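**Q** This is a predicted model, with the sequence first.
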Amino acid sequence: MPAQLIVFAHLGTPLEPHDLWRAWTFEPVTIALLAISGWLYARGLTRLWHAAGRGRGVREREAWMFAAGWLVLALSLLSPLHALGGALFFAHMAQHELLMTVAAPLLVLGRPLIPFVWALSPKWRRVTGQWSAARWFAVPWQALTHPVTAFLLHAAAIWVWHLPSLYDATVSSEVMHAAQHASFVLTALLFWWVVLRPSPSRGGTAAAIALLFGTVMHTGALGAVLTLSSRVLYTVYASTTAAWGFTPIEDQQVGGLIMWVPGGIVYVIAALWLVVRLFRESEQRVTRREAAQDASVGFR
């Protein structure tokens with residue numbers, strides 16, 4: 001396969017097994033965005049820790065989470081897995097699950113906005129602070145980060161892009177493919193932002209748990225449709241799977257299982273973690289209430 005087709009394996013001749021380990025993607029915009037985000041985080045974190053002390057503002061484990069999320073994001077978009085998605089539906093699905101259920105939550109847990117702001121000059125830090133407090137920014141941001149909005153946007157991105165005509169288009173068009181990945185990553189970041197940092201005024205941890213189980217239900221339903229369907233839904237893969245030892249329907253069924261089982265497990269684990277946190281918060285409230293009652297009795 002010519003070098004240019006190995007690099008952009010979603011176009012032209014589909015990737016074949018003998019080309020797999022040479023099929024790294026060197027897409028300039030993707031590399032630039034990854035480099036800029038990594039540089040901003042590292043620069044901001046260095047400045048923050050120099051001013052406030054190591055581990056202040058952003059803890060070390062949070063920094064490691066961002067690094068892990070950034071690495072998963074980079075490997076998902078640049079490694080041979082990206083090119084393999086042009087030949088196998090289930091490879092494409094695995095890539096999407098890595099983007100939405102692994103990279104996105106890790107990036108959010110890394111608290112990236114703090115280092116990103118600290119990467120700016122003091123003047124621009126003040127400017128961004130003023131912008132974030134301004135009504136023209138605060139009102140849309142509040143609407144965008146409402147739990148229902150985040151849930152619906154992420155669900156819409158998943159379902160709309162899995163319509164056969166649109167999904168087939170992403171395999172044959174790099175522009176459509178980039179739009180698909182951008183919508184998956186951005187809505188996933190928004191979703192996990194709302195879930196992992198729940199607002200007490202918007203249902204708190206209980207609402208976040210409900211969002212996770214709602215996502216398990218609708219992604220599981222889509223995964224079941226893909227797994228149990230008796231016909232090939234994505235015809236773009238009809239002639240590309242044989243070289244990899246799969247029939248098109250087998251390829252589709254494995255892809256559906258990837259969304260249905262591993263993808264669903266991530267949401268369930270996150271929900272269970274939040275349930276534990278909810279119980280801890282409840283215990284802490286009871287402890288504080290009892291301490292306050294004991295203190296008031298002591299003053300009588």
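**A** That came through, no problem.
**Q** which helices and strands does the helix or strand containing G69 pack with?
**A** Using DSSP states H and E, G69 sits in helix 60-78. The contact analysis (3 or more C-beta pairs under 8 Å, 6 or more residues apart in numbering; DSSP states H and E) places helix 60-78 against helix 28-52, helix 104-109. Where you see a C-beta, it was placed from the backbone N, CA and C, and this is true even at glycine.
**Q** how about it: buried residues?
**A** 62-63, 65-70, 72-74, 76-78 (16 or more other C-beta atoms under 10 Å).
**Q** Can you tell me which of the helices and strands packed on helix 60-78 is most buried?
**A** Greatest average neighbour count among the helices and strands packed on helix 60-78 goes to helix 104-109 (a mean of 23), per mean count of other C-beta atoms under 10 Å.
**Q** R47: what's its closest spatial neighbour, skipping adjacent residues?
**A** W118 (4.8 Å; C-beta to C-beta, 6 or more residues apart in numbering).
**Q** these two touch, right, the one you found and T128?
**A** No - counting by C-beta atoms under 8 Å, no contact exists between W118 and T128, whose distance comes to 10.5 Å.
**Q** Look at the two and report which has more neighbours.
**A** Under the neighbour definition other C-beta atoms under 10 Å, W118 and T128 were set side by side, and W118 has more, 23 against 15.
**Q** what pLDDT does the more buried one get?
**A** On pLDDT, W118 comes in at 95.
**Q** residues contacting the residue nearest to R47?
**A** The contact partners of W118, taken as C-beta atoms under 8 Å, 6 or more residues apart in numbering, are 43-45, 47-48, 57, 125.
**Q** By pLDDT, give me the weakest of those.
**A** For these, the weakest pLDDT value sits at R125, with 90.
**Q** Pull the contacting residues for it.
**A** For R125, the contact set (C-beta under 8 Å, 6+ apart) comprises 117-118.
**Q** Which helix or which strand is home to it?
**A** helix 122-133.
**Q** Can you spell out which helices and strands pack onto the next helix or strand along the chain from that helix?
**A** If you walk from helix 122-133 toward the C-terminus, the next helix or strand you reach (DSSP H and E) is helix 135-144. Using 3+ C-beta pairs under 8 Å, 6+ apart as the contact definition, the elements that helix 135-144 packs against are helix 122-133.
**Q** now the angle between helix 135-144 and the helix it packs on, please.
**A** If you take axes from the mean of the first three to the mean of the last three C-alpha atoms, to 10 degrees, helix 122-133 sits at 60 degrees to helix 135-144.
**Q** orientation of helix 122-133 relative to helix 28-52 in degrees?
**A** Interaxial angle, helix 122-133 versus helix 28-52 (the same axes, to 10 degrees): 100 degrees.
**Q** Please point out which parts of helix 122-133 sit buried.
**A** Residues of helix 122-133 classed as buried: none (neighbour count, 16+ other C-beta under 10 Å).
**Q** Show me how far that helix is from its chain's centre.
**A** Offset of helix 122-133 from its chain centre (C-alpha atoms, centre = their mean, to the nearest Å): 27 Å.
**Q** again, but for stretch 36-49
**A** 20 Å.
**Q** which residues touch it?
**A** Outside stretch 36-49, the residues that touch it by C-beta under 8 Å, 6+ apart are 55-58, 63, 66, 70, 110, 112, 114-120.
**Q** Of the residues you listed, which is the nearest to H162?
**A** Distances from H162 to the contacts of stretch 36-49, taken as C-beta to C-beta, are shortest for W70 (26.3 Å).
**Q** can you tell me how far I258 sits from R125?
**A** Separation of I258 from R125 (C-beta to C-beta, to the nearest Å) stands at 42 Å.
**Q** now do H162
**A** Looking at H162 against R125, where the rule is C-beta to C-beta, the gap reads 41 Å.
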